[in-house]
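Participant: No letters, just coordinates:
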């Protein structure tokens, strides 16, 4: 289906995210939409398996977002989680935590999971996608340079793959690139068509 | 090494490419440089193995570029080739060729090779990198929509992974994402430091 089909089907699309990266990706998908930034508690019960945390938070976001809109709107929320082994790396609280996170990631492969929740009329779809990301070894000097010169604090795992550190440090990914940036665009497009039908 | 090291080492860096994507990637790597667009014949002898074509053309570009500059400049050229099975897909000549190329790529995995040539004083480095790209199946209606609404004619293989068709159609890559866009940024950064030493 062409973007015009989606535009005709959904007169109003709301992206429940303040992330400029997600806004750019959804624009590149050819969609017209409005932004609704959410400021919610992103904590989760310790009992949730690590690979389900993004799904859980995207659903919490949807629950919150859907209180503001009519059922005829297509609502989209998303959450991105970075994990390495048995640890989830959220948004760092300060530059020291940023460095510690990045030290865990360099020279190794970690997993980025983005979950999306979609809601339209009585229908809801939730799905998530994993991408493997391999960083090469980077010394502390380079990590400090990144933390000092780029915005790392607002990003899960303390890095943006589209930033300088992604350019010079990410050797290889396996999976969807846009999923690491913030939206699994190819599957999201399929799911938007699915929920329209 | 931080970008400041590179800036101090090379007072003048020239990127021998008119591609706006390559310009953006090199900027994101933190480098200061000038653009020198090359208008050269990109044909190659039929005897060259498919996986060496990008290397061959990047060297032809370097040979041409280096006639314009002093040896104290760091010169960088690059070439990107898309291949599927035993066929190289260059820049399409018209919309019909675009559609034919895209039809070959959808539903399958192809290889994108970008080669870079670097020159500084008496030193030359040439290297290339491969990334596997998997497109999902897309119908002719969507391919026509892409060709009609986006610039496909100036791109090897008739697509830009950063365009709409990349957003909705590329399910998975294996390797460097920026290599598909036009420069293997992580390895290029290493090679720039190597040629400085």
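Facilitator: Received, thanks. None of the values given here were measured: they were computed from a predicted structure.
Participant: Residue A:183 in helix, strand or coil?
Facilitator: Under DSSP: H, G, I helix; E, B strand; the rest coil, the three-state class of residue A:183 is coil.
Participant: What number of residues are in the vicinity of it?
Facilitator: 30 (other Cβ atoms under 10 Å in any protein chain shown). Using the backbone N, CA and C atoms, a C-beta is placed for each residue, glycine as well.
Participant: swap in residue A:122?
Facilitator: By the criterion of other Cβ under 10 Å, residue A:122 has 6 neighbours.
Participant: measure it to chain B for me?
Facilitator: 26 Å (Cβ to the nearest Cβ, to the nearest Å).
Participant: Name the nearest residue to that residue, ignoring sequence neighbours.
Facilitator: Of all residues not flanking residue A:122 in the chain, residue A:71 sits nearest, at 7.4 Å (Cβ to Cβ, 6 or more residues apart in numbering or on different chains).
Participant: a helix runs through that neighbour, doesn't it?
Facilitator: No: when classified by three-state DSSP, residue A:71 is found to be coil rather than part of a helix.
Participant: who are the neighbours in contact with the residue of chain A most remote from its centre?
Facilitator: Going by Cα atoms, centre = their mean, the residue of chain A most distant from its centre is residue A:141, 27.9 Å out. Applying Cβ atoms under 8 Å, 6 or more residues apart in numbering or on different chains, we find residue A:141 in contact with residue B:2.
Participant: helix or strand for it, which one?
Facilitator: Using DSSP states H and E, residue A:141 maps to helix A:140-149.
Participant: any idea how far residue B:3 is from the residue farthest from the centre of chain A?
Facilitator: 12 Å (Cβ to Cβ, to the nearest Å).
Participant: again with residue A:142
Facilitator: 10 Å.
Participant: And for residue A:146?
Facilitator: 11 Å.
Participant: joint contacts of those two?
Facilitator: Common neighbours of residue A:146 and residue B:3 (Cβ under 8 Å, 6+ apart) are residue A:164.
Participant: Now the helix holding residue A:141: buried residues?
Facilitator: A:142-143, A:145-147 (16 or more other Cβ atoms under 10 Å in any protein chain shown).
Participant: what about the residue nearest to residue A:19 when sequence neighbours are not counted, how many neighbours?
Facilitator: Closest residue to residue A:19 apart from its sequence neighbours, by Cβ to Cβ, 6+ apart: residue A:182 at 5.5 Å. Using other Cβ under 10 Å, residue A:182 has 26 other residues around it.
Participant: Please apply the same query to residue A:90.
Facilitator: 18.
Participant: tell me the pLDDT at it?
Facilitator: For residue A:90, the model assigns a pLDDT of 90.
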